[in-house]
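Colleague: Return a 3D structure for these sequence lines:
(one chain, ligands or ions: 2)
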Amino acid sequence: MRTNPQMQNTASRISGMPAFVPQAAGHFTAHRQRNAVSACDWTPGRGRRQDNAVYDGPRRAVVHTMQAVSPSSSSTSTQKLKTDRSDALMRDAATVMPGGVSSPVRAFRSVGGSPIVFESTKGSKIVDVDGNTYIDYVLSFGPSVVGSANDEVIEAVTAQARKGLTFGAPCELENQLAHAIIDAVPSVEMVRFVNSGTEACFSAARLMRAYTRREKIVKMTGCYHGHGDSFLVSAGSGVATLGLSDSPGVLSSVAAKTLTVPYNNIDAIREVFRQHGSEIAGVFLEPVVGNAGLIPPTREYLQELRQITRQHGALLLFDEVMTGFRIGYSCAQGYFDVMPDLTTLGKVIGGGYPVGAYAGPREIMEMVAPAGPVYQAGTLSGSPVGMAAGLKTLEILRRPGTYEYLDRITKRLAEGLLQAARENGHAVCGGSLYSMWGMFFTEGPVNNFEDAKKSDTAKFQKFHRGMLERGVYLAPSQFEAGFTSLAHSEDDVERTVEAAREVLRGIAP
Ligand SMILES: Cc1ncc(COP(=O)(O)O)c(C=O)c1O
Ligand SMILES: N[C@H](C=O)CCC(=O)O
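Modeller: Numbering: from 1, shown residues only. Ligands and ions are numbered 1, 2, ... in the order given. As a prediction, this is how the structure comes out:
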């Protein structure tokens, strides 16, 4: 059995961390007749903070202003949604881009109708090309946790842009963002910046294989780790939404090296290691699933994964591209107090720019070129504007009260939506954790993608359309998590819940 002394060092460094109280996660078990034991019931832990003003909502804080779109300009009363210009642009887009989009999840394939084309966004609001304003719970699929087009982030990127857009050479901001990530994420000692979550994950898989000298990777059904060949096997997000279980073009010899198991199922992990233990390089998972809808793990599950991978000399990778800096400042690994060997990041660390990273202990990371032999490179990697956006975003997130605020409003949103559904006789389950939330149209419990697929997706389609018509923009799939930001106000949440109540009243249970 291979041991990893560096991880033992890392673990002892972690156990000396400042007080951080992880909570055992509850499964989603909400139902219209029962009280939910859901992620809503979780109490968040604390990350490390630096400055003093306590964040208490967008109106009272100096974090940003919402000049471009005033909250009152979005409507939660039924709009006859005028989408002429969106529709025309999408018709044209379909002639020049496959499906008219640059990423499949943006298409409205599973909710019907044509995608909305956007023109501007500020804070919690997003405005389309026909002039409709929506409360935005997509937030570019996660990055905009401090609110879209945050003034401070814009100032930071503008100042950097004046000094240079890209150097193709080292810049000081890379050191600063790497230090900020290392300070925040307990298992991380070194970071390699890339340009997307996809790149982070496939590069980490290469490193994992090189380090262990093994080829097989275990992933969970419904988890999404970008579109690297090894991961287009029983993937979540757009792959699940479009009902593609895998993708043509992926070499069958590569796909055969990916073993899949259901999430939150420790027996399945034991079995896959029993059968293939000596060939498994590592286990990839989202430490809280966001790409099959929101599905929390139990802490015990993560702990067992940690133990089993270690026993078999395999690496454990937490894909925190989505959860990173959303599930607390120390990310999901800090929240659950379970330390992976490798971590992938993206979204929030780029503050709205294309930045990803893979990270871990020095011993593993120093295998990456030029320190070691594992090749990985990028013309625009660590580009200064993205680094500046990420640094400012993390600086804002470190302010006292930010995560408490995010947790409070998101919990209120999720509870309000579940309540609105139950009042109207719908079987639902769901919950929230800090700034991520989800609601499935099924009785639950939803512990993995197999459970999530029992959701009434036809009902979700009606719900999505009704919310759109009332000025609420949700991800166009039952199998995507929702997001909130520091710019989402209590008023936004109340208006969203009111809109949901109205929509759900009009849908047959
Ligand atoms: C958990 C997770 N991993 C990886 C990715 C891939 O990131 P990107 O879309 O930036 O390539 C995503 C999102 O797409 C994600 O949510
Ligand atoms: N669910 C995906 C990532 O989190 C959505 C992003 C995309 O693929 O465009």
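Colleague: how many other residues sit next to whatever residue of the chain ends up closest to ligand 1?
Modeller: Nearest residue of the chain to ligand 1, counting by C-beta to the nearest ligand atom: residue 197, 2.2 Å away. Glycine gets a C-beta too; all of them are placed from N, C-alpha and C. Residues near residue 197, counting by other C-beta atoms under 10 Å, number 31.
Colleague: now do residue 375
Modeller: When neighbours are counted by other C-beta under 10 Å, residue 375 registers 11.
Colleague: tell me the contacts of the residue of the chain closest to ligand 1?
Modeller: Listed by C-beta atoms under 8 Å, 6 or more residues apart in numbering, the contact partners of residue 197 are 225-226, 319, 321-322, 344-347, 356.
Colleague: so what's the most centrally placed residue in the chain up against?
Modeller: Note on the chain: the residue nearest the mean C-alpha position is residue 322, at 2.1 Å, using C-alpha atoms, centre = their mean. Contacts for residue 322 (C-beta under 8 Å, 6+ apart) come out as 141-142, 197, 286, 290-291, 346-347, 436, 481.
Colleague: which one of these sits closest to residue 306?
Modeller: Among those, residue 286 lies closest to residue 306 (C-beta to C-beta), at 15.3 Å.
Colleague: Would you check how far apart the closest one and ligand 2 are?
Modeller: Using C-beta to the nearest ligand atom, to the nearest Å, residue 286 is found at 9 Å from ligand 2.
Colleague: right, and that residue touches residue 224 too?
Modeller: Yes - Residue 286 sits in contact with residue 224 when judged by C-beta atoms under 8 Å, with a separation of 7.5 Å.
Colleague: Would you confirm that residue 54 contacts residue 403?
Modeller: No - using C-beta under 8 Å, residue 54 is not in contact with residue 403, being 11.5 Å away.
Colleague: between the two, who's got more neighbours?
Modeller: residue 403 (28 against 14).
Colleague: and the more buried one, helix, strand or coil?
Modeller: Secondary structure, DSSP: H, G, I helix; E, B strand; the rest coil: residue 403 is helix.
Colleague: my read: it touches residue 434, true?
Modeller: Yes - look at residue 403 against residue 434 with C-beta under 8 Å: they come within range, at 5.9 Å.
Colleague: Not counting its neighbours along the chain, what's nearest residue 393?
Modeller: residue 351 (3.7 Å; C-beta to C-beta, 6 or more residues apart in numbering).
Colleague: what number of residues lie near that neighbour?
Modeller: Per other C-beta under 10 Å, the neighbour tally for residue 351 reads 30.
Colleague: Contacts (any at all) between ligand 1 and stretch 381-389?
Modeller: No - Stretch 381-389 does not reach ligand 1 (C-beta under 6 Å from any ligand atom); its nearest approach is 12.0 Å.
Colleague: and stretch 287-303, how far out from the chain's middle?
Modeller: Mean-position distance between stretch 287-303 and its chain equals 12 Å (C-alpha atoms, centre = their mean, to the nearest Å).
Colleague: quick one: which of the contacts of residue 322 sit in helices?
Modeller: residue 197 (DSSP state H).
Colleague: What are the boundaries of the strands in the stretch 1-150 of the chain?
Modeller: Counting by DSSP state E, counting those that start in this stretch, the stretch 1-150 of the chain has strands at residues 118-122, 125-128, 133-136.
Colleague: Show me which residues of the stretch 251-400 of the chain sit near ligand 2.
Modeller: Proximity of the stretch 251-400 of the chain to ligand 2 (C-beta under 6 Å from any ligand atom) is limited to residues 291, 322.
Colleague: Please repeat the previous calculation with a cut-off of 5 Å.
Modeller: residue 291 (C-beta under 5 Å from any ligand atom).
Colleague: Repeat that for the chain.
Modeller: Within the chain, the positions near ligand 2 by C-beta under 5 Å from any ligand atom are 103, 105, 141, 237, 291.
Colleague: List only buried entries from the residues you listed.
Modeller: 105, 141, 237, 291 (16 or more other C-beta atoms under 10 Å).
Colleague: Which pLDDT does the model give the last one?
Modeller: The reference is to residue 291. Per-residue confidence (pLDDT) for residue 291: 96.
Colleague: tell me which residues form a beta bridge with it?
Modeller: Beta-bridge pairing for residue 291 (DSSP bridges): residue 293.
Colleague: Show the contacting residues for it.
Modeller: 222-224, 235-237, 240, 322, 479-481.
Colleague: In this structure residue 135 contacts residue 125, no?
Modeller: Yes - taking C-beta under 8 Å as the definition, residue 135 is a contact partner of residue 125 at 6.4 Å.
Colleague: what about the helices in the stretch 401-509 of the chain?
Modeller: All helices of the stretch 401-509 of the chain, identified by DSSP state H, counting those that start in this stretch, fall at 402-423, 449-452, 457-469, 490-505.
Colleague: Residue 441 is nearest to which of these?
Modeller: Comparing these by C-beta to C-beta, helix 457-469 comes nearest, at 4.6 Å.
Colleague: Thank you, goodbye.
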